[in-house]
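> Give the three-dimensional model of this entry:
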Amino acid sequence: MYKKAFFPRVMGTENKVPRMYVERKHDYPIVLVHGAMGWGESDGLNKVMRYYGFFRADIPEMLRTMGLEAVAPSLGPFVCIWDRACDLWAQLVGGTVDYGIVHSKRYKHERYGRTYDKPLIPDWGELDDEGKRKKICLIGHSFGAPTIRCFLSILAEGSKEEREATPESELSEFFKGGKGDWVHAMTTLAGVNNGLTLVDWFGADKLEIPWGLLHFAMGLLMDSDFVKSVYDLRFDMYHLTSAPGQPHYSIVEKWKASRNIAQKQLNSMCHETTFYGAAEVQKEYPGTYDNVYYFCHAGSATEYNDEGKAVTRQPTFTPMRFIGNFTGSISKKPSKVSPGFDGSWRTSDTLVSVKTAQNPLAEPGEDFVATDLCKPGIWYRMPLESKDHFAYMGSGEENEMYGAFMLNVVQRMLNLPTVDAE
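A predicted model of the protein is given here:
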């Protein structure tokens, strides 16, 4: 067992945070993946407000202080699941992002993205002197949840389409597959595992025009080097934004890019967060794997009233209170583009329904009882928590409580026995 001290200064509240210890069986690196509209450690915004920790806490740094490897990559905040997964691979192992010949042609964007000279986890997947593989543990919040699920699926299965269409000398290692045993465990926090009721209620078809206009506006307003040094949209492959230091694309190119993004099915975050789109994602990137442990946390910041509607409890972030009330009042009948949802989906963390944040509907799940009883290949639903969506990022949480919560998430994964793929 390893024991490392956790010093209060990491959380920024030296007088309030007690000295903490973590016991673990493994030293696997922790990869924290942000959700939609989020940011990572390479964004300038992270110096002021951490995605995992907000203004005072810094969870990746806390874990590093304990002697663990921990990284929080910066992925496209409005980018689809496949593109995020490809970017995540390139950042972890180093090299140039390859979105694939087939994928890039199908969705009309550049095949290659940015180049990362320094891998975040240089020896990931390698065997040590005892023949043990260095695995990672994945944590994904909100839209980071389907991102890490897709990421693991491509690691394990690769992409048959890309393998068949790409010369061996050009094929990305990511698309070759056979790396399912590079991941030890994953945990989703308020994950968009089964679609957002709010997006599904509107319908991706009705959101195409405003979704495209939103991207066009962002491409115009947020494509300066200063803005990108703070908050980078990472839409280079579409020519909606340019990489830092690169020439800017014309307004005409940005307009074409925004229209293209809005109209593409599985390559649109808007579509992937509908019920139908989430089901497609689960079919396209199947799980689970018998050598990986799965956990999902769901929060509830609402409660049912006498009318059968879920209303937001006090206190919570004010704008989310209204969203929670609206989410808690809607339902939808089945149609050609949606399986629909009834009142049982209304309770939420103000944004993500409890049912959405639990295990993917197409994958096995059961309630968590104890870490010692956990088996790989099964989603364990953690006890429902009285939290809103941003509480999983540390908003509104006491520093010591949030630090202890995240430490518990990590410690649970690191104390499970290793299971290698057969």
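> Show me where the stretch 101-250 of the chain has its helices.
Applying DSSP state H, counting those that start in this stretch to the stretch 101-250 of the chain gives helices spanning 101-106, 144-157, 160-165, 173-176, 197-202, 204-221, 225-230.
> Give me the buried positions along stretch 206-215.
207-208, 211-212, 214-215 (16 or more other Cβ atoms under 10 Å). Any C-beta I mention is one placed from the backbone N, CA and C, and that applies to glycine too.
> Please disregard the earlier target; I meant stretch 132-145.
133-145.
> tell me the mean pLDDT over it?
Taken as a whole, stretch 132-145 carries a mean pLDDT of 97.
> can you list contacts of stretch 211-226?
78, 227-228, 231, 233, 235, 240-242, 244-245, 248-249, 251, 254-255, 257-259, 261-263, 268, 270 (Cβ atoms under 8 Å, 6 or more residues apart in numbering).
> tally of neighbours for residue 170?
Other residues lying near residue 170 total 11 when counted by other Cβ atoms under 10 Å.
> closest to residue 302 out of the helices of the stretch 101-250 of the chain?
helix 197-202 (12.0 Å; Cβ to Cβ).
> Output the contacting helices and strands for that closest one.
Helix 197-202 is packed against helix 275-284, helix 318-327, with contacts defined by 3 or more Cβ pairs under 8 Å, 6 or more residues apart in numbering; DSSP states H and E.
> so which of these gets nearest residue 362?
Closest to residue 362 of those, according to Cβ to Cβ: helix 275-284, at 4.6 Å.
> List the buried residues of stretch 223-237.
223, 228, 231-237.
> Same list (those) but as CSV, adding pLDDT and distance to residue 365.
Shown next, in CSV, are the buried residues of stretch 223-237 (pLDDT from 0 to 100; distance: Cβ to Cβ, whole Å):
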residue, pLDDT, distance to residue 365
223, 92, 42
228, 92, 39
231, 95, 35
232, 94, 35
233, 94, 34
234, 94, 32
235, 92, 34
236, 92, 37
237, 93, 35
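> Let me know the closest of those residues to residue 374.
residue 234 (35.0 Å).
> if I pick the closest one, what's in contact with it?
Contacts of residue 234 (Cβ under 8 Å, 6+ apart): 74-77, 79, 87, 114, 241.
> picking up where we left off before, PyMOL command to pick out the buried ones of the contacts of stretch 211-226?
Burial among those is assessed by 16+ other Cβ under 10 Å; the matching PyMOL selection reads:
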select buried, resi 78+228+231+233+235+240+241+242+249+254+255+257+258+259+261+262+263+268+270
